[in-house]
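1. give me a 3D structure for the following:
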Amino acid sequence: MPTCIYCKVDKKPDLFNKEHVLHDSFGSFNNTLTLINKVCASCNSLCGDTIDRLLARDTIEGFKRTQYGLKKNEDFKTEGKSSKIKIRVCEGLLKGLAAYLFLDQKQKKILLKPLPQIGLRKGCGTYDFFAFENIPSFELTSYNKYPCSERMILIPPGVDIDDAIEALKSKGYNYSYTGESELDLENILCEVTRVIDIELQRVMAKIAFNFFAYFNDENVILSHNFDKVRNFVLHGQPLIKIKVDNESILDDEKTANSLRLGHIITLEKDHSNSIIIQISLFNTFRYTVELSGNNNSNYAVNVGFGRFFDVHNMTINEIRKTPLLIPSINLRIPKVKILM
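-> A predicted model of the protein is given here:
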């Protein structure tokens, strides 16, 4: 009977699912990398309902699926107000405003919607924005910082007026609504951030281990050397080493002004004999995952290569080391779409 690479339990073949190395929500590629009889339905379901969903719905990489046409606007889904993607406006009177993404069902467009908050006007003419529960008491508000005798207040477009007025009254403000502003939330510069939490690290570790498992024998995959990473994927502990930065994986892009459009996964051994996977979805953030430290398997481990998932042509291309630049990696493919 086959053995699940995550729970390491022998099970009948009909208790296994087909597992994509890279979740198919990030592209249906020709000759995609698929694990057969490697991940049981139980482990697959555990990850699919939690960390796989998070990667697709609540990460910057997940949003880029719509940006690059892998997902239609009308299929866009988000965690809404509870999203871990933090968006703040960077320009104009709304600078500092916190917002989230939502799908306008009528227009079929992805738009910004402010979180429930109001703005207090400062002496310089700009605003400080406060969530309803964090609005400072009128009596304690500094006149020097907010000098207007009426405490000039801005309710951002899209915020419920009645709820805002009620929140202001509860903090001692005698506020009279004078009408909506004509501020634009559709074409405005924003800063977007996402905390690299345990859940996001788990899903990247899952992609890394899936990739490793696809190219290596069962004796290697089921070795105790990888028990730590499989437990981290399933349960979030014990922690493994994952580094996140925005450096390029491909050597020829490190000094270039453009990047290839696609996903990149590479598999290496470092100087300490640790198994290292690098992942970059849409060639943006680089996640460096240590699958095992000082790997001492008695079996030959297949390393020293990678794959480029071209989201323009929907093909998967081989990445190989160049003998003169080891351990740098160059991409050997004839045509790719370049991000300018």
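
2. going forward, measure contacts and count neighbours with C-alpha atoms only.
-> Noted.

3. distance from the chain centre to stretch 134-147, please.
-> 37 Å (Cα atoms, centre = their mean, to the nearest Å).

4. now that stretch: average pLDDT?
-> Stretch 134-147 shows a mean pLDDT of 86 in the predicted model.

5. next one: stretch 32-39
-> The model assigns stretch 32-39 a mean pLDDT of 96.

6. dump that stretch to PDB, keeping only the CA atoms.
-> Output in PDB follows, covering the C-alpha atoms of stretch 32-39 (Å, rounded to 0.1, in the frame of the first residue of the first chain):
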ATOM      1  CA  THR A  32       1.800  20.000 -14.700                       C
ATOM      2  CA  LEU A  33       3.800  18.400 -11.800                       C
ATOM      3  CA  THR A  34       1.400  16.100 -10.000                       C
ATOM      4  CA  LEU A  35       1.900  13.700  -7.100                       C
ATOM      5  CA  ILE A  36       0.000  10.400  -7.500                       C
ATOM      6  CA  ASN A  37      -0.600   8.200  -4.400                       C
ATOM      7  CA  LYS A  38       1.600  10.500  -2.300                       C
ATOM      8  CA  VAL A  39      -0.800  12.600  -0.300                       C
END
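
7. can you list the buried residues in it?
-> Neighbour-count burial for stretch 32-39 flags 32-35, 37-39 (criterion: 16 or more other Cα atoms under 10 Å).

8. again with stretch 112-123
-> Quick answer for stretch 112-123 (16+ other Cα under 10 Å): 112-122.

9. is it possible to export those residues to TSV including distance to C4, secondary structure and pLDDT?
-> Output for the buried residues of stretch 112-123, formatted as TSV (distance: Cα to Cα, whole Å; DSSP: H, G, I helix; E, B strand; the rest coil; pLDDT from 0 to 100):
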residue	distance to C4	secondary structure	pLDDT
L112	42	strand	90
K113	43	strand	91
P114	45	strand	94
L115	43	coil	94
P116	46	coil	95
Q117	48	strand	96
I118	52	strand	94
G119	54	strand	93
L120	57	strand	93
R121	59	strand	90
K122	60	coil	89
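
10. please render these as JSON lines that adds distance to E166 to the earlier fields.
-> Shown next, in JSON lines, are the buried residues of stretch 112-123 (distance: Cα to Cα, whole Å):
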{"residue": "L112", "distance to E166": "23"}
{"residue": "K113", "distance to E166": "20"}
{"residue": "P114", "distance to E166": "17"}
{"residue": "L115", "distance to E166": "16"}
{"residue": "P116", "distance to E166": "12"}
{"residue": "Q117", "distance to E166": "12"}
{"residue": "I118", "distance to E166": "12"}
{"residue": "G119", "distance to E166": "15"}
{"residue": "L120", "distance to E166": "16"}
{"residue": "R121", "distance to E166": "19"}
{"residue": "K122", "distance to E166": "22"}
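
11. need the buried residues of stretch 32-39 in TSV (columns: secondary structure).
-> Formatted as TSV, the buried residues of stretch 32-39 follow (DSSP: H, G, I helix; E, B strand; the rest coil):
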residue	secondary structure
T32	coil
L33	coil
T34	strand
L35	strand
N37	strand
K38	strand
V39	strand
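
12. how about the contacts made by the nearest residue to K77 once chain neighbours are set aside?
-> Nearest residue to K77, sequence neighbours excluded (Cα to Cα, 6 or more residues apart in numbering): R57, at 6.0 Å. Residues in contact with R57 (Cα atoms under 8 Å, 6 or more residues apart in numbering) are 63, 77-79.

13. cool, thanks, talk later.
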